[in-house]
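K.L.:
Sequence first, then the predicted structure, then my questions.
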Amino acid sequence: MSGDVNPFESLQEQIDDAAEYIDVGADVLKRLKHPERVLETSLTVELDDGSLEVFQAYRSQFNGDRGPYKGGVRYHPGVTRDEVKALSGWMVYKCAVVDIPYGGGKGGIEIDPIDYSDAELERITRSFATELRPLIGADRDIPAPDVNTGQREMNWIKDTYETLEGTTEPGVVTGKAIDSGGSCGRVEATGRSTMLTAREAFDYLDKDPAGATVAVQGYGNAGSVAAKFIESELGADVVAVSDSSGAVYHPDGLDARAVKQYTALENAIDADLARDVGADVIVEAANGPLTPDADAVLTDRDVYVFPDVLANAGGVTVSYFEWVQNRQRFYWTEERVVEELDRHIVEGFEGLVDAYEQKELPSFRTAAYVVAIERVADAYEESGSWP
Ligand code: GLU
């Protein structure tokens, strides 16, 4: 992992790469490279032994031109202001690629949750939710799970918000447990979209996924579920799984369900590693796993990279379905969620392919940004100016 690459600079570079191919003014483009606002807060929380600890926390609202800010909240010791800014920008372009009516946001707390009790994590989460309260809401900014957060944390955020506001508003946050207003299929959605993107990629490249060998880097909620579906639905063999703590390899295939869960982060593959990658096709389940230099090496080597902003967009797409269900107070079957998700990823994939072929773009990542930037810029320009 290449820790010295700043993910916010990577995001800006990706936007610049796409800008060459689109007709968007330099002024609008500048707007699309910077967050609208960032909350930075120090949460002072009492630990179980009565002492106080201060945690740095952030929420970046990158762009709201297409709808409310949308994106997860991560708990990780490596969280920084720039990382959160980058992740919030990726959410803008992700939501635009799959054409769901959201802008982008992201939050994070600099913490290793493993070091804290459940009661401490609840107090930390409620403290963060209290700071977020004036900024969030079903029509303003909608948090969701990300690295090291899940249904439990979302239920706490929802309860804190509803208690402070004296209302019921389940759509203030997505990724909740089913009994708290969550959606069927949300937990698996990110990994499912990675599998769907791989399925479409193999079809586009005229390759048969059955019997293909697959290596999975990062084995958290996204990678582990993707591995399971890639085996069960596409018939490929997952032969290697790796993350920051090590790797397992078995040439005849691993049982994807039996490998313990760990998580992938940004910059997992830098230019050096990219020179050694043996794969013909890369599908990104994590956010920002390739540095821009790695991307350039892989493009030169004719390795096809299907980018995060499509391949992990299932999470936010089913978050959107959850939010729609919350607003209507009418809940869908799992079958409907799976079917609608499939449609969004297939249409998103087709949009990338059209741009890639028609504009003769160098990569599918650039194609994704071309499609997404045009959508965001159109929404901005259509809304006219405001002082
Ligand atoms: N954290 C996920 C992502 O990076 C999901 C965000 C959401 O559901 O809003 O896409």
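P.N.:
Received, thanks.
K.L.:
and the stretch 201-350 of the chain, which of its residues are near the ligand?
P.N.:
287, 312, 315, 316, 319 (C-beta under 6 Å from any ligand atom). In this view, the C-beta of every residue, glycine as well, is placed from N, C-alpha and C.
K.L.:
what about burial for the residues you listed, which qualify?
P.N.:
The neighbour count (16 or more other C-beta atoms under 10 Å) marks 287, 312, 315, 316, 319 as buried among these.
K.L.:
Could you report the distance from the second one to residue 235?
P.N.:
Using C-beta to C-beta, to the nearest Å, we find residue 312 at a distance of 22 Å from residue 235.
K.L.:
Over to the third one?
P.N.:
From residue 315 across to residue 235, the span is 24 Å (C-beta to C-beta).
K.L.:
The first one too?
P.N.:
Between residue 287 and residue 235 the computed distance is 28 Å (C-beta to C-beta).
K.L.:
just the last one next, same as before
P.N.:
Distance check for residue 319 against residue 235: by C-beta to C-beta, it reads 29 Å.
K.L.:
Helices along this structure, start to end?
P.N.:
For the chain, the helices defined by DSSP state H cover 7-19, 26-31, 81-97, 118-132, 151-165, 186-204, 221-232, 271-276, 292-300, 308-311, 314-328, 334-358, 364-382.
K.L.:
so which of these comes closest to residue 255?
P.N.:
Proximity to residue 255 (C-beta to C-beta) singles out helix 221-232 among the helices of the chain, at 8.5 Å.
K.L.:
can you list the residues that contact the closest one?
P.N.:
145, 150, 187-188, 190-192, 194-195, 198, 209, 214, 216-217, 219, 236-238, 241, 253, 256-257, 259, 261, 263-264, 283, 285-286, 312, 315 (C-beta atoms under 8 Å, 6 or more residues apart in numbering).
K.L.:
By neighbour count, sort out the buried ones in those residues.
P.N.:
By 16+ other C-beta under 10 Å, these give 145, 150, 187-188, 190-192, 194-195, 198, 209, 214, 216-217, 219, 236-238, 241, 256, 259, 263-264, 283, 285-286, 312, 315 as buried.
K.L.:
For burial, what's the neighbour tally of the closest residue to the ligand within the chain?
P.N.:
Residue of the chain nearest the ligand, by C-beta to the nearest ligand atom: residue 72 (2.8 Å). Neighbours of residue 72 under the rule other C-beta atoms under 10 Å: 25.
K.L.:
name the helices or strands packed onto the lowest-mean-pLDDT helix or strand in the chain?
P.N.:
Across the helices and strands of the chain, mean pLDDT, DSSP states H and E gives its lowest value to strand 246-249, namely a mean of 77. Counting by 3 or more C-beta pairs under 8 Å, 6 or more residues apart in numbering; DSSP states H and E, the packing neighbours recorded for strand 246-249 are strand 237-243.
K.L.:
end-to-end on stretch 41-52?
P.N.:
End-to-end distance of stretch 41-52 (C-alpha to C-alpha, to the nearest Å): 16 Å.
K.L.:
Please identify the buried residues of that stretch?
P.N.:
Buried-residue list, stretch 41-52, by 16+ other C-beta under 10 Å: 41, 43, 45.
K.L.:
Give me the distance between the second one and residue 128.
P.N.:
In this structure, residue 43 lies at 6 Å from residue 128, with C-beta to C-beta as the measure.
K.L.:
Quick check: neighbours shared by these two?
P.N.:
Common neighbours of residue 43 and residue 128 (C-beta under 8 Å, 6+ apart) are 57, 109.
K.L.:
rewinding a little: out of the helices of the chain, nearest to residue 138?
P.N.:
Nearest of the helices of the chain (C-beta to C-beta): helix 314-328, 6.9 Å.
K.L.:
Rounded mean pLDDT for that closest one, please.
P.N.:
Helix 314-328 comes out with an average pLDDT of 98.
K.L.:
State the number of residues packed around the nearest residue to residue 292 once chain neighbours are set aside.
P.N.:
Nearest non-adjacent residue to residue 292, counting by C-beta to C-beta, 6 or more residues apart in numbering: residue 13, 4.6 Å away. For residue 13, the neighbour count with other C-beta under 10 Å is 16.
K.L.:
Which pLDDT value does the model give residue 13?
P.N.:
pLDDT for residue 13: 93.
K.L.:
Contact partners for the residue nearest to residue 251 when sequence neighbours are not counted?
P.N.:
Leaving aside its sequence neighbours, residue 251 sits nearest to residue 239 (C-beta to C-beta, 6+ apart; 5.8 Å). By C-beta under 8 Å, 6+ apart, the residues touching residue 239 are 213, 214, 215, 249, 250, 251, 252, 253, 254.
K.L.:
Which pLDDT value belongs to residue 239?
P.N.:
Per-residue confidence at residue 239 stands at 91 (pLDDT).
K.L.:
just to revisit the earlier point, closest to residue 57 out of the helices of the chain?
P.N.:
Closest to residue 57 of the helices of the chain is helix 118-132 (C-beta to C-beta; 5.2 Å).
K.L.:
buried stuff in the closest one?
P.N.:
If you call a residue buried by 16+ other C-beta under 10 Å, then helix 118-132 has these buried ones: 120-132.
K.L.:
now those as a markdown table including pLDDT?
P.N.:
Output for the buried residues of helix 118-132, formatted as a markdown table (pLDDT from 0 to 100):
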| residue | pLDDT |
| --- | --- |
| 120 | 98 |
| 121 | 98 |
| 122 | 98 |
| 123 | 98 |
| 124 | 98 |
| 125 | 98 |
| 126 | 98 |
| 127 | 98 |
| 128 | 98 |
| 129 | 98 |
| 130 | 98 |
| 131 | 98 |
| 132 | 98 |
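K.L.:
Thank you, goodbye.
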